[in-house]
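*Asks:* Mind looking at a prediction? Sequence and model below.
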Amino acid sequence: MRILLSRALAVPAVVLAVLCGCGPTDRGAPAVADDGESSARAEPPAPATAAGPGALTAGGWRLETLGANGTAVSPVAGTEVAVAFAADGRITGTGGCNRFSGSYETGEGRALSFSPLAATRTACPPEIMSQEDSFFVALGRVASFDIEGDRLSLAASDGSRVLRFVAVEDTDDGDGSE
């Protein structure tokens with residue numbers, strides 16, 4: 001009986017400890033949870049093809065450029081930075097090294113905002129970590145979105161584009177390999 005009671009209390013204690021560790025950080029990057037897995041190559045979500053606010057959830061998006069209009073840069077070679085917006089208000093993706101998740105809200109005039117995001121804590125080379133930090137900071141600046149064809153642009157409150165994505169196709173053949 002004593003063993004069963006100890007185990008019954010241990011599970012809620014572990015869950016509480018994990019949830020307490022998922023709050024926002026001071027530097028604008030997402031909160032993290034260490035799962036011990038490298039995830040630089042997350043499975044890409046399905047493609048998005050329709051226009052309009054509903055198209056945000058029509059599939060997945062791969063980062064094409066990061067940065068303001070005049071200083072946009074492409075992702076580091078060999079990394080996949082991608083997001084998927086679910087119809088239930090959840091966002092998931094990879095920052096190039098770590099997987100992340102959270103929630104989002106859309107509003108009038110294509111307004112878009114994100115909750116604090118939670119991410120894994122895999123260490124990657126410095127240039128990839130720098131890219132990922134910049135990506136998470138850019139997500140924190142997002143105030144609106146626009147979809148034109150197979151491109152998704154996320155803009156800051158001043159109207160400058162901070163992220164540009166292209167629709168991606170699902171290449172997963174079901175066996176977990178690429």
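*Replies:* Looks like it came in fine.
*Asks:* From now on I want contacts and neighbour counts done on CA atoms only, so please keep to that.
*Replies:* OK.
*Asks:* As a check, name the ranges of all helices in the protein.
*Replies:* Ranges of helices in the chain, per DSSP state H, are 2-20, 126-141.
*Asks:* Number of residues surrounding the residue nearest to Ser157 when sequence neighbours are not counted?
*Replies:* Counting by CA to CA, 6 or more residues apart in numbering, Ser157 lies nearest to Ala143, which is 5.1 Å off, once chain neighbours are set aside. The number of residues packed around Ala143, counting by other CA atoms under 10 Å, is 22.
*Asks:* Check Ser134 too.
*Replies:* Ser134 has 17 neighbours, counted by other CA under 10 Å.
*Asks:* For it, which residues are in contact?
*Replies:* Leu66 (CA atoms under 8 Å, 6 or more residues apart in numbering).
*Asks:* Same check on Ala123?
*Replies:* Contacts of Ala123 (CA under 8 Å, 6+ apart): 97, 129.
*Asks:* Let me see the contact set for the residue nearest to Ser157.
*Replies:* Going by CA under 8 Å, 6+ apart, Ala143 touches 111-113, 154-157.
*Asks:* Leu139 too?
*Replies:* 114, 163.
*Asks:* From Leu66, how far off is it?
*Replies:* Counting by CA to CA, to the nearest Å, the gap from Leu139 to Leu66 is 10 Å.
*Asks:* so what's in contact with those two at the same time?
*Replies:* Leu163.
*Asks:* Now that we're looking at Ser177, what pLDDT does it have?
*Replies:* Listed pLDDT for Ser177 reads 38.
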